[in-house]
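> Give me a model of this one.
(chains A, B, C and D)
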2 protein chains.
Amino acid sequence: MILTRERIIETTIEVLRKYGPQKTSVTDVAKVLGVSHGTIYRHFENKAALKEAVLGIWLKEHARNLERTPFDASAGRAGVEGWIKRLVMLKHDLYHADPELFDMYTELTAEAAEAVEDHLAELVTQLETRIALAQRTGSVTTAMSAREIAEGLFYGTARFHHPTLSFEWRSDTIHDQFEVVTQLLFRALEP
Amino acid sequence: MILTRERIIETTIEVLRKYGPQKTSVTDVAKVLGVSHGTIYRHFENKAALKEAVLGIWLKEHARNLERTPFDASAGRAGVEGWIKRLVMLKHDLYHADPELFDMYTELTAEAAEAVEDHLAELVTQLETRIALAQRTGSVTTAMSAREIAEGLFYGTARFHHPTLSFEWRSDTIHDQFEVVTQLLFRALEP
DNA sequence: AAAATGACAAAATTTATAATTTGTCATTTT
DNA sequence: AAAATGACAAATTATAAATTTTGTCATTTT
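Residues are numbered from 1 along each chain as shown, chains lettered A, B, ... in the order given. Here you go, the predicted model:
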């Protein structure tokens, strides 16, 4: 079996799940793959690059997932609201399903600022697209640009999707808080 | 000179500022006060209680500081906006003035959940008061209750005042992000 | 010739050990 | 009698030594 970048990444994810992020070494991954650790360095610049690749897979999966949020074509503003609510729901579900794994990715996130920046930019752009569409149908104000609104909605809801704040998502009032914030933000979008 | 709870707290703050949070021991504080460390345990249950007391002073100081935000009496909505902007400005200034001290208080915050909850409740109530006033003058919508609006504004701006996210306040786009979020939120308040 | 290896130095982490700090309380001081 | 002390064990933290991991590269294998 040929050793590919993909197979290394897959195995790394496996080892990461098993031993946790701080307990995983390149040597461990090589051992599981049955190769010498030097070989891995022929596929990845260094350990950080390998971890970034793993994070990249995870982020891309989520971006794709969000992109598939059904458009509520008849109501432009509802399409925007659906996207935001899906973003928050996905994050919360992921967190509650396996907090330790979630924390692990949050940790990786801190080390790979660039990959995260790209990811956030993509999310804001997805949102922007939906807003621009809703503006064209007249269901969202044009007093601000689609991009400005997208950033406003995204950062205004940060408390509910920023992984660093996930430790507060256990609170039993978090959902009400999200409700009231979205109520305000979407009131602002009315033309 | 009599040894009071207050004098111990004052000295603790002093030592904390001088040696940093992780380098400060009860023994150090006692040494500066010129007493034995056992004496301090006659005034505080344990080290955690002492640290909580220090945090309490800090939080109270900020609540008082915020309460003093000038009312822009002529324009009710502006008074609300002034309060939120002051909240964010105070936190950012504090952070940039001495990130290590700020991190220390953030750390204390995680250990004294109760004191923090009370503090947040007080802040939201301060905001609620101003909103209720603005509603009476007709410059803020009455479609939502003053309390709901207060929570919405507070949690909608969390990214800009939640201490756990302070590590992102260095970004050169943070101010623009705050601008666009407040623009949206205060648009929502129009009657 | 391309892919993989494993020996190696430097860096990072873990483990073992020493030193300090926390919290208690019987005793001393005011 | 109230306040403060300081000796003490347990817990925590700092320091030093040993081990592992990272990343390179000359050599070997396919």
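> Buried ones in the helix or strand where residue A:153 lies, by neighbour count?
For residue A:153, the host element (DSSP states H and E) is helix A:146-156. Buried positions in helix A:146-156, judged by neighbour count with 16 or more other C-beta atoms under 10 Å in any protein chain shown: A:146, A:148-156. Heads up, the C-betas are built off the backbone N, CA and C, glycines and all.
> among those residues, which are within reach of chain B?
For chain B, the contacts drawn from those by C-beta under 8 Å from any C-beta of the partner chain are A:148-149, A:151-153, A:155-156.
> just curious, which of these is nearest to DNA strand C?
Set against DNA strand C, the nearest of those by C-beta to the nearest atom of the strand is residue A:155 (32.2 Å).
> quick one: the closest one from residue B:173, how far?
10 Å (C-beta to C-beta, to the nearest Å).
> what does the one helix or strand in chain A whose mean pLDDT sits lowest contact?
Every helix and strand of chain A was ranked by mean pLDDT, DSSP states H and E. The lowest is helix A:99-111, at a mean of 88. For helix A:99-111, contacts defined as C-beta atoms under 8 Å, 6 or more residues apart in numbering or on different chains pick out A:16-17, A:20-22, A:48, A:51-52, A:54-55, A:58, A:94-95, A:116, A:163-164, A:166.
> Flag every buried residue along the lengthiest helix in chain A.
Longest helix in chain A, counting residues (DSSP state H): helix A:113-136. Within helix A:113-136, the residues that count as buried by 16+ other C-beta under 10 Å are A:115-116, A:119, A:122-124, A:126-128, A:130-135.
> And stretch A:78-90, by the same measure?
Buried residues in stretch A:78-90 (16+ other C-beta under 10 Å): A:79-84, A:87-88.
> so where's chain A uncertain?
Within chain A, the stretches with pLDDT under 70 are A:1, A:73-75.
> and it, which of its residues are near DNA strand C?
Within chain A, the positions lying close to DNA strand C (C-beta under 7 Å from any atom of the strand) are A:2-3, A:22-23, A:35-39, A:42.
> Which residue ranges make up each domain of chain A?
A:1-44, A:53-188 (automatic domain parsing).
> Tell me if the first one is near DNA strand D.
Yes: contact of domain A:1-44 with DNA strand D is found when judged by C-beta under 7 Å from any atom of the strand, involving A:25-28, A:37-38, A:41.
> Which one of those sits in the busiest neighbourhood?
Using other C-beta atoms under 10 Å in any protein chain shown as the neighbour criterion, residue A:26 leads the residues of domain A:1-44 next to DNA strand D with 19 neighbours.
> can you list the residues of chain A near chain B?
Counting by C-beta under 8 Å from any C-beta, chain A sits next to chain B at A:141, A:143-144, A:148-149, A:151-153, A:155-159, A:162, A:164-165, A:177-178, A:180-181, A:183-185, A:187-189.
> Show me which of those are buried.
Those of the residues of chain A next to chain B that meet the buried threshold are A:141, A:144, A:148-149, A:151-153, A:155-159, A:162, A:165, A:177-178, A:180-181, A:184-185, A:187-189, by 16+ other C-beta under 10 Å.
> how about the strand or helix carrying residue A:12: buried residues?
In the assignment (DSSP H and E), residue A:12 maps to helix A:5-19. Within helix A:5-19, the residues that qualify as buried are A:8-9, A:11-13, A:15-16, counting by 16+ other C-beta under 10 Å.
> mind putting those residues in TSV, distance to residue B:111 included?
Shown next, in TSV, are the buried residues of helix A:5-19 (distance: C-beta to C-beta, whole Å):
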residue	distance to residue B:111
A:8	41
A:9	38
A:11	39
A:12	35
A:13	34
A:15	34
A:16	30
